Structures are given as C-alpha cells and as structure tokens.
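In: Sequence and predicted structure are below.
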Amino acid sequence: MLLSGALGSSRFREYPAHNIESIITCTFCVGRVLRDVLILAIFFSLGSLIYLLAFIYLLDVFFHGLIQPRYTRAIHKHDGPLFLKAMNAINALLRLLKYPPLPADPFEALPPNEFREAVKTWGSIPQGVIERVVEEVYQRAVGPNVAQLRRYQAFSSEAYGELMPTLVSRIIRDTGLHEGSLFLDLGSGVGNVVLQASLQTGCTSYGIEYMAQPAKLARSQLEQFRTRCRMWGFRMGEVELEEGDMLKSKRVDELIPKADVVLVNNRVFGPSLNEAIRPKFLDLKEGAIVVSLQEFAPLSGVTERNLDDISAIFQVTKKNYYPGHVSWHGQGGDYYLHRVDRKCYASIKQQFESTTSTRTKPMRSSRLRR
C-alpha cells in the first residue's frame, strides 16, 4: 500500500491553494479549481487514501509524526517540491510499518505489522474503508469496460443498473445481514452488491447474472476484491458467482430454502418475469427477507381477494432511497422489504375463514326451516 508521488512541481504550481478537507469532502469545489480531470482524479484518490491512513489506520503516527500535516501544508501552499517530499515521507513510513527491521537477536519476537494490528482493533470494517475498496475494485475491473454495459436495451428485462454502495449499506442494516447469513442476488450484474455484502458483514453470498458481459466483469471484480482485501489486511465472506438463468438454475433452487436475504433488482422487469420469479419465494424459510425495487406483494397486506395468492406470506415494508443511491437516475425512489411471515398469514386466513363460515350459517338454517 504505497502512494505514488507522480506529480511534478511545475504542473502542481498551476493550481490555487486548497486544504485536504476540501479535496476529501468537497469535490465540486475541487472541480472548479483543477482544470485537468486527470489531476483531479489523482488528487481526490490520494487525498481520500491519506485520510483513511491518518484517521482510521495510523492516527498517532501521522499526526504526532507530522507527516500528514506536511501533505496538507503542501496542498495549501500549492508547493510542488514540498508535496513530493511529503509523498516520499509517507511512502517511507508505510514501508517501515509494513516491513519493520528485524531484531538483532534472532530469538527475539518479530515486530508486528502495524496495519494488521490496527485492523484487529476494529469491531467492524469502517464505512470509509468499505467504500474505498469498492471504488478501487470497480475502477480497475469495471471502469475500462463500462461502455459495453450501455449496449443493453433500456427499459427491458435486460437493462443494466447498479445500486450505489450507500444504498447497499442501508439494505444491509435494514435486513440485519450478518456473518452467519446467506445472501442471494438474483440478477447480480457486475457483482457490486454480492461483493460488498460479503466484505461488509462477512456473510456468504451468491449472485447469478444472465447477461454475459456483466457476469464476466463480476468474476473480474471478485478476483480484484480478494487481492484488495489481502492488501488492506482483512477478509471477506465466501462468494459464489454464476452466469445463467435464475429461473432455470438448479443452484438457485438449492440455495433459496437456506437464504436469509434475497435481492431482486426488478426495476425494469416485465410483468411476466416478475410473475415467474414469485413461485421461487414459496421455498423461503420463515423470517427470510426479499428486497426489491418493485413490490411483489401489496402494501395493504392480506385481503379476502389475495388470500390464496403466493405473495400472501409476505409482510411488506416500503423504504425510501435518496438521490445518488442508484445509477440509472439522480432522483430518489422506493424499495421494498418482504419478510416471510407464515404464522401471521395462517392467523389471518383462519380469521377470514371463520368470518366466512359465520356469514353462511344463518342462510343454511333458514333453508332448513322451510
């Protein structure tokens, strides 16, 4: 995990002063100042990485050692030579922490790897680190091929769209996904949600994607994810990816009864595909949750009209997502949590049947009297 000091002093001096906080938290301000998009990307990437190192991994070393402040001062003074010195100092420190000198005494215990020691103190992976890893992997594996994903027909069952990491984190919290859970993504695209879920919670994840190009990129992302996790010093849960038809997959049929959470990004699914998926949910265990962008069951719950419908086993909750949480538009929208509750359904059905039976009794008795 070494940072590159690739910016020359003459080019760097062209840009006005800006502090590290602006670079990390205010990209639209940086965009006004930095005319070159490549330079902007480099500054933002370096700034966010140094922020993580300073505030999450190595707070004391970076602040008391005055290394992170050197970087901030170089940015603030738009000083190219000082910036390169700061980057060299950061790289030297990272090498020292990752590969500490061996003790003179061969029987003395080896010094610890400070990065791994820092990770051991975490109760869970910080959100900033999760988003950093997700972004690094996406830009390396998917970014160069993103134009190929635009070839799929819009507003069809093969249209392509992604849930952003912030929304994925919300869904993980909403569903209570954890290390012992099994998560399924039916229509997993390039694998973003499957991979983030396994990274963020340690759960076992499975994703199936019908379209060849997204499925190929998902496999590439998985390989990159494993590499990045080793580099950052933590592990992710098991991930299984399949290229195929969710309606015909034997693996889907095997895993559905064991699943705790199932995601179906059915925003553009046609009525026939949505209807074809629903019978799969009959095999879900009690308490399992289906997350979707269109509801599979009415929010009004069980009524006399839908009493015998497949969807009657669900208790449905409507949630809102905010602008920037999905890739296909910049507006907010809704998603739905469908929790399997057969006990509640059985109770409601019994009440309906009891009411129906009570209504019919007087009619029968009056006929008998005649």
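Out: Everything's here; your move.
In: give me the number of residues near residue 286?
Out: When neighbours are counted by other Cβ atoms under 10 Å, residue 286 registers 10. From N, CA and C alone the C-beta is placed, and that goes for glycine too.
In: these two touch, right, it and residue 342?
Out: Yes: if you go by Cβ atoms under 8 Å, residue 286 and residue 342 touch, sitting 5.8 Å apart.
In: And the helices in the stretch 251-370 of the chain?
Out: Taking DSSP state H, counting those that start in this stretch as the criterion, the stretch 251-370 of the chain carries its helices at 271-277, 342-369.
In: typo on my end, it should be the stretch 1-150 of the chain
Out: Using DSSP H, counting those that start in this stretch, helices in the stretch 1-150 of the chain cover 9-12, 20-25, 27-33, 37-52, 59-64, 67-76, 80-98, 114-120, 127-141, 146-149.
In: Quick check: mean pLDDT of the last one?
Out: If I follow you right, that is helix 146-149. Across helix 146-149, the average pLDDT comes to 76.
In: in it, what counts as buried?
Out: Within helix 146-149, the residues scored as buried using 16 or more other Cβ atoms under 10 Å are residue 149.
In: With stretch 107-121 instead?
Out: Per 16+ other Cβ under 10 Å, stretch 107-121 contains these buried residues: 114, 115, 118, 119.
In: Stretch 288-298 too?
Out: 288, 289, 290, 291, 292, 293, 295, 296, 297.
In: can you pull the contacts of the first one?
Out: The contact partners of residue 288, taken as Cβ atoms under 8 Å, 6 or more residues apart in numbering, are 259, 260, 261, 262, 339, 340.
In: Can you spell out the domain ranges of the protein, please?
Out: Domains of the chain are assigned by automatic domain parsing as 9-120, 148-350.
In: Compare these and say which comes out lowest on pLDDT.
Out: Among the domains of the chain, domain 9-120 carries the lowest mean pLDDT, a mean of 68.
In: Confirm for me that residue 263 is in contact with residue 193.
Out: Yes: at 6.0 Å, residue 263 and residue 193 qualify as touching, with contact defined as Cβ under 8 Å.
In: Find residues that contact each of these two.
Out: Listed contacts common to residue 263 and residue 193 are 171, 185; contacts here mean Cβ under 8 Å, 6+ apart.
In: all strands for the stretch 151-300 of the chain, in order.
Out: Taking DSSP state E, counting those that start in this stretch as the criterion, the stretch 151-300 of the chain contains strands spanning 182-186, 204-209, 239-243, 261-264, 289-292.
In: List the strands paired with the first one, with their directions.
Out: In this case it means strand 182-186. Paired neighbours of strand 182-186 in the sheet (DSSP bridges): strand 204-209 (parallel), strand 261-264 (parallel).
In: re the thing from before, format the domains of the chain as a markdown table; extra columns: distance to residue 140.
Out: Converted to a markdown table, these look like this (distance: least, Cβ to Cβ, whole Å):
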| stretch | distance to residue 140 |
| --- | --- |
| domain 9-120 | 12 |
| domain 148-350 | 6 |
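In: which one of these is the most hemmed in?
Out: domain 148-350 (a mean of 18; mean count of other Cβ atoms under 10 Å).
In: quick one: contacts for residue 203?
Out: Going by Cβ under 8 Å, 6+ apart, residue 203 touches 177, 178, 179, 180, 181, 182, 183, 197, 237, 260.
In: which one of these is nearest residue 98?
Out: residue 237 (25.4 Å; Cβ to Cβ).
In: quick one: the closest one and residue 196 touch, right?
Out: No: Residue 237 lies out of contact with residue 196 (Cβ under 8 Å); the separation is 10.8 Å.
In: hmm, back to that, so for residue 145, which of the strands of the stretch 151-300 of the chain sits nearest?
Out: Closest among those, once you apply Cβ to Cβ, is strand 204-209, at 14.4 Å.
In: Any idea how far the closest one is from the middle of the chain?
Out: Computed by Cα atoms, centre = their mean, to the nearest Å, the chain-centroid distance of strand 204-209 equals 13 Å.
In: So residue 165 sits against residue 128, correct?
Out: No: counting by Cβ under 8 Å, residue 165 stays clear of residue 128, with 10.8 Å between them.
In: Nice, that's everything, thank you.
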